[in-house]
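1. This is a predicted model, with the sequence first.
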Amino acid sequence: MSDAALPLPTTVDACHTQLKRLAADNAALRAVNTQQQATIDEQQAAIESMQRDLALMKRALFGQRRERFDDPRQGLLFDSAEIGESGRDSTANTGDDSHESDSSNEDEDKSPSRRRGRVRRVIPEGLPRVQRVHKLADADIPEHLRGDEVRRFLKKTGEWVEWERPRLMVIEEFVEMLAADNADATETTMLSAVRPSRILNCFAGPSLLAGLAVNHFADHLPYYRLEEILGRSKIEIDRGTQCRWMIRLSNKLIPLVDLMRSLALRSLVVQADETPVRMLVPGLGKTSTTYLWAVLGDRRFPYTTFSFTESRSRAGPAEFFADFEGTLVSDAYIGYELLGGLSEGRIRLAGCHAHARRKFEELHKLGPMEQTATAMGYFRRLFDIEDDLRELSDASRHEQRQLRSRPLLEDFKGWMDDQLERLRPKHELRGAIAYMTSRWECFERFLESGAIPLDNNASEQAVKNPVMGKKNWLFFGSVAGGKAAAIFYTLTATCRRLKIDPHAYLQDVFERLPQCDPADPASLGPLLPDRWLAAHPESRLQARVTESAEKAERKLVNRKRRRMAHAQGQS
């Protein structure tokens, strides 16, 4: 095609030839225009996707992370007929709702913080106490108050807590010896007391080793900070020495942690999640991405275990769950999803409704739509039902889920199928809906048993332990360091789950483990955290137990109040 003006045809044949040429040129232009429009549409979609990602990143960095959903239109959007609040559901809730309204109206206008007020912390009686007595000087006593008839006594005027920085001491170990010479003093017979085995032959005792482990893996202090802290107590322990001690200790702890992992996999329901951690690559001056995997046992085996891998390949989950038979609650990572088929039905997958809700919640925060608000309403009702059933037994919870959760979930599925038929092919809501509908069997798995949780939040909270740590110590120094971290996070995270004082537990383990047979589970059994706690109830962190109970109660009260407001909005 030329930009120059075409000469006018003078014959019919020339006219037909020119018309064909113009038609071909027009078709070529249309093809170019179609291609450019497709490029523009593709670029526009990429721009919109990057804008959404940027908005989500800004929210993650600077915005509110809470996912609670409050919609002022809830009285209209979430009508009972729309979201499947059947008559039997209302009937099942009638008694509870009347009780809730009676018990909650008293505090309806008071916030939780105002109802609780400032609680005076009572100083624990178990703390050591030192008396500080201020005596009267003789010069300050008037003449008429002197004599034997005057009574002297002490009046308590106050008490407070003082902080004594870490106090180090040196334990000098001796063994008793007996020596006896023969009659002519040519030979000497000697007898020595048995010296107990130590977990490490170094100048650090069990208490110091436990302190270093707790500070690094439970309190997330890097080794260089521990080096500075110990320096204030007049002892220098190089950060490299601390690291080598922890690796050597972890090798001694492998039999105990392997026992915890095997017992956790005997649970009927386990939960799993993973988090990336950077690791130094020797000789290259850069880092690679490794992973810590958390696997949580159920209430029969309440252990939070961690494992280390150098990649996120499916070989990791395949190895961890090789002997597991039961229900696995996880996100939709392909490494977990493949386990269902590879195990030939031995492993049943359960989806996390918190992950599914998060996809709708992200879209709702970027631009509220009636569809996202309706979906969030379904999720809110499902989680509210779970709150009501939290204190029930597994059997009772399963029965109530059939009456209350199943009809709601079926209506939710019908609503999502209807939306897929209505939405345009590239609508952003399709991804959130397809995430659930393509895995629907997994997302309704919790209806099969009252022991299966609705979400995977417990494992997400467990991986926060290394997530918080890596913000301080940044990376692993080696594969051995990563494996050691998995060992210690297993012990400290389980202590956190069971509200155990980790220092008391680890110190006792370090003292008793050398006398145990690593090949005998019965010998290691008393050192399992739950059994150890039963034998040492004084090491339970009662303040954390009370705090957790109060927090759960406040959450339950707040959600009941929101449900009452919702019911009033509908009426």
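-> Great, that's in hand.

2. Geometric centre of the protein: which residue is closest?
-> Nearest to the mean C-alpha position of the chain, by C-alpha atoms, centre = their mean, lies Q461 at 1.1 Å.

3. how would you label it: helix, strand or coil?
-> Following DSSP: H, G, I helix; E, B strand; the rest coil, Q461 is assigned to helix.

4. For V270, see how far away it is.
-> According to C-beta to C-beta, to the nearest Å, Q461 and V270 sit 15 Å apart. Just so you know, the C-beta spots here come from the backbone N, C-alpha and C atoms, and that holds for glycine as well.

5. In this structure, what helix or strand scores lowest on average pLDDT?
-> When each helix and strand of the chain is scored by mean pLDDT, DSSP states H and E, helix 87-104 comes last, with a mean of 40.

6. what's the spacing between stretch 542-551 and its chain's center?
-> 18 Å (C-alpha atoms, centre = their mean, to the nearest Å).

7. repeat for stretch 156-165
-> With C-alpha atoms, centre = their mean as the basis, stretch 156-165 stands 36 Å off its chain's centre.

8. Averaged pLDDT, that stretch. What do you get?
-> Stretch 156-165 shows an average pLDDT of 87 in the prediction.

9. elements contacting the helix ranked longest in the chain?
-> Among the segments of the chain that qualify as a helix by DSSP state H, the longest is helix 12-62. Counting contacts by 3 or more C-beta pairs under 8 Å, 6 or more residues apart in numbering; DSSP states H and E, helix 12-62 is packed against helix 353-366.

10. The helix it packs on to helix 12-62, inter-axis angle?
-> Here helix 353-366 runs at an angle of 110 degrees relative to helix 12-62 (axes from the mean of the first three to the mean of the last three C-alpha atoms, to 10 degrees).

11. Averaged pLDDT, helix 353-366. What do you get?
-> pLDDT averaged over helix 353-366 gives 89.

12. residues of it that come out buried?
-> 353-365 (16 or more other C-beta atoms under 10 Å).

13. For the next helix or strand after it, the averaged confidence score.
-> Toward the C-terminus, helix 353-366 is succeeded by helix 370-388 as the next helix or strand (DSSP states H and E). For helix 370-388, mean pLDDT rounds to 90.

14. Send me helix 370-388 as CSV with only the CA atoms.
-> Listed next in CSV are the C-alpha coordinates belonging to helix 370-388 (Å, rounded to 0.1, in the frame of the first residue of the first chain):
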residue,chain,number,x,y,z
GLU,A,370,-22.5,-5.7,46.1
GLN,A,371,-21.1,-9.1,45.1
THR,A,372,-18.1,-8.8,47.4
ALA,A,373,-20.3,-7.5,50.3
THR,A,374,-22.6,-10.5,49.8
ALA,A,375,-19.8,-13.0,49.8
MET,A,376,-18.3,-11.4,52.9
GLY,A,377,-21.7,-11.7,54.6
TYR,A,378,-21.8,-15.5,53.9
PHE,A,379,-18.3,-15.9,55.4
ARG,A,380,-19.2,-13.8,58.4
ARG,A,381,-22.2,-16.0,59.1
LEU,A,382,-20.2,-19.2,58.8
PHE,A,383,-17.6,-17.9,61.2
ASP,A,384,-20.2,-16.7,63.7
ILE,A,385,-21.7,-20.1,63.7
GLU,A,386,-18.3,-21.6,64.5
ASP,A,387,-18.0,-19.1,67.4
ASP,A,388,-21.2,-20.4,68.8
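
15. distance between the next helix or strand after it and the chain's centre?
-> Next in sequence after helix 370-388, counting helices and strands by DSSP H and E, comes helix 394-400. Remark: helix 394-400 is offset 26 Å from the chain centroid, using C-alpha atoms, centre = their mean.

16. Tell me which residues are up against helix 394-400.
-> Contact with helix 394-400 is made by A92, I385, D388, L389, L392, L447, E448, S449, G450, A451, as judged by C-beta atoms under 8 Å, 6 or more residues apart in numbering.

17. Where does pLDDT dip in the protein?
-> The chain contains residues with pLDDT under 70 at 1-6, 59-60, 62-121, 566-567, 569-571.

18. Determine the longest strand present in it.
-> In the chain, taking DSSP state E as the definition, the longest strand is strand 269-281.

19. That one pairs with which strands, parallel or anti?
-> Paired with strand 269-281 in the same sheet, following DSSP bridges, are strand 286-296 (antiparallel), strand 326-329 (parallel), strand 475-476 (parallel).

20. Pipe the ones you listed into CSV and attach distance to R496 and mean neighbour count per row.
-> Shown next, in CSV, are the strands paired with strand 269-281 (distance: least, C-beta to C-beta, whole Å; neighbours: other C-beta atoms under 10 Å):
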stretch, distance to R496, mean neighbour count
strand 286-296, 12, 19
strand 326-329, 20, 23
strand 475-476, 21, 18
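
21. Present those strands as a markdown table; the columns should include distance to D418.
-> Formatted as a markdown table, the strands paired with strand 269-281 follow (distance: least, C-beta to C-beta, whole Å):
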| stretch | distance to D418 |
| --- | --- |
| strand 286-296 | 36 |
| strand 326-329 | 28 |
| strand 475-476 | 49 |
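
22. Please identify which of the ones you listed is closest to I235.
-> Nearest of the strands paired with strand 269-281 to I235, taken as C-beta to C-beta: strand 475-476 at 26.2 Å.

23. Quick check: phi and psi on the residue nearest to R198 when sequence neighbours are not counted?
-> Nearest non-adjacent residue to R198, counting by C-beta to C-beta, 6 or more residues apart in numbering: P514, 6.3 Å away. Taking degrees, to the nearest 10, you get phi -60, psi -20 for the backbone angles of P514.

24. Next up, the contacts around P514.
-> P196, S197, R198, I199, K252.

25. In PyMOL, how would I select just the buried ones from these?
-> Restricted to buried positions by 16+ other C-beta under 10 Å, the PyMOL selection for the contacts of P514 reads:
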select buried, resi 199+252
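
26. quick check, nearest of the contacts of P514 to G414?
-> Set against G414, the nearest of the contacts of P514 by C-beta to C-beta is K252 (56.8 Å).

27. thought H364 was touching T374?
-> No - using C-beta atoms under 8 Å, H364 is not in contact with T374; the gap is 10.2 Å.

28. so R278 makes contact with W473?
-> No - counting by C-beta under 8 Å, R278 stays clear of W473, with 10.2 Å between them.

29. Nice, that's everything, thank you.
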